[in-house]
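>>> here you go, sequence then predicted model.
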Amino acid sequence: MAEPVAILRDLESRRRAAIRRTFTHFDPAATAAGFAAASGLVMTFVVMRHVFGTPPEEVQRLFGLLVHYLPGFDTEGLGLVVGVVDVALMGAAFGACVAWCRNRALRIVLWRALRERDTFFRRHALDEIG
Amino acid sequence: MRSPYDVITDQVESERLLEATLRRLNARILGLTLGVLSGLGLFAATNILVLRGGENIGAHLKLLGWYFPGYDVTFGGSFIGAGWAFVTGYVVGATISRVYNLVSDLKFRRADSA
């Protein structure tokens, strides 16, 4: 059995790692997967509504305009499946960007907080002498 | 009296619980956030057009009625649209956080076992 001191040391390092991970890191892969699933789900709903219904002409026309943004997309057949995959991929890219931006923003916030802490310590370092 | 090992084991368990709680996204909170935002967004977008008035109000926005049954660019329709947008936003938010937690758990478990 491991020594209690070693266990506590391991515990402390795990706690620090967990806090660091939470407050400085948004997992980009997990965020990308989440956004991909959500956007794929929404696109699947839209596609299903078109396949199992007769949308108004204007809706069909606007839906067809997606061809300009989704490579391989078509308003019928396999093109619809490609459209869902395209949207999911775009969602993944967007999710990864969200995680990246959030992590950068958090880093700036933490940097400012540490700088303010240092300034505070410098200002009050000699307070107790007087 | 409990042995020091029992105390440490308890502490290890509570730390694991803390770690798991901090790492995960809350599906309900993210769902409610996105739901309320999209609901209010559609409500505002509809009513801005209704207040502005004119001929053929919201020619494009009213096409959402195909996806959200009952929705129309009117004051009453904006409530129905807000409800649908809330449901959609909630589902999207909940999906994002559930998949996030799933992938994050998988990665964490793999890292823990290594």
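Yep, that arrived. Numbers count the residues shown, from 1 in each chain, chains lettered A, B, ... in the order given.
>>> SS state for B:Ala59?
coil (DSSP: H, G, I helix; E, B strand; the rest coil).
>>> how close does it sit to A:Leu78?
The span separating B:Ala59 from A:Leu78 equals 32 Å under the rule C-beta to C-beta, to the nearest Å. To be clear about C-beta, it is placed using only N, CA and C from the backbone, and glycine gets the same treatment.
>>> and the longest helix for the chain?
Picked chain A for this. Secondary structure of chain A read by DSSP state H shows that its longest helix is helix A:78-124.
>>> looking at chain B here, not the other one
Identified as the longest helix of chain B according to DSSP H is helix B:75-113.
>>> tell me the centre residue of the chain?
You didn't say which chain, so I picked chain A. In chain A, the centroid-proximal residue (C-alpha atoms, centre = their mean) is A:Thr31; its distance is 3.4 Å.
>>> actually, chain B is the one I wanted.
Nearest to the centroid of the C-alpha atoms of chain B, with distances taken as C-alpha atoms, centre = their mean, sits B:Gly31, at 1.8 Å.
>>> buried ones in the helix or strand in which that one is found?
The secondary structure element spanning B:Gly31 is helix B:27-52 (assigned by DSSP states H and E). Of the residues in helix B:27-52, those buried by neighbour count under the rule 16 or more other C-beta atoms under 10 Å in any protein chain shown are B:27, B:30-32, B:34-36, B:38-39, B:42-43, B:45-47, B:49-50.
>>> surely A:Pro56 touches B:Trp66?
Yes. With contact defined as C-beta atoms under 8 Å, A:Pro56 reaches B:Trp66; the gap is 6.4 Å.
>>> which one's more surrounded, these two?
Set A:Pro56 next to B:Trp66 and count neighbours by other C-beta atoms under 10 Å in any protein chain shown: B:Trp66 wins out with 19 against 12.
>>> still on that earlier bit, so which of the buried residues of helix B:27-52 comes closest to B:Ala111?
Distance to B:Ala111, by C-beta to C-beta, is smallest for B:Ala27 among those, at 22.7 Å.
>>> and A:Thr75, how far from A:Leu11?
Counting by C-beta to C-beta, the separation of A:Thr75 from A:Leu11 is 58 Å.
>>> A:Val87: how many residues sit nearby?
Applying the criterion other C-beta under 10 Å, we find 23 residues in the vicinity of A:Val87.
>>> residues contacting it?
By C-beta atoms under 8 Å, 6 or more residues apart in numbering or on different chains, the residues touching A:Val87 are A:Ser39, A:Gly40, A:Val42, A:Met43, A:Leu70.
>>> can you do 10 Å?
The contact partners of A:Val87, by C-beta atoms under 10 Å, 6 or more residues apart in numbering or on different chains, come to A:36, A:39-44, A:46-47, A:66, A:69-70, A:73.
>>> which of those residues count as buried?
Here, 16+ other C-beta under 10 Å leaves A:Ala36, A:Ser39, A:Gly40, A:Leu41, A:Val42, A:Met43, A:Thr44, A:Val46, A:Val47, A:Leu66, A:Leu70, A:Phe73 buried among the contacts of A:Val87.
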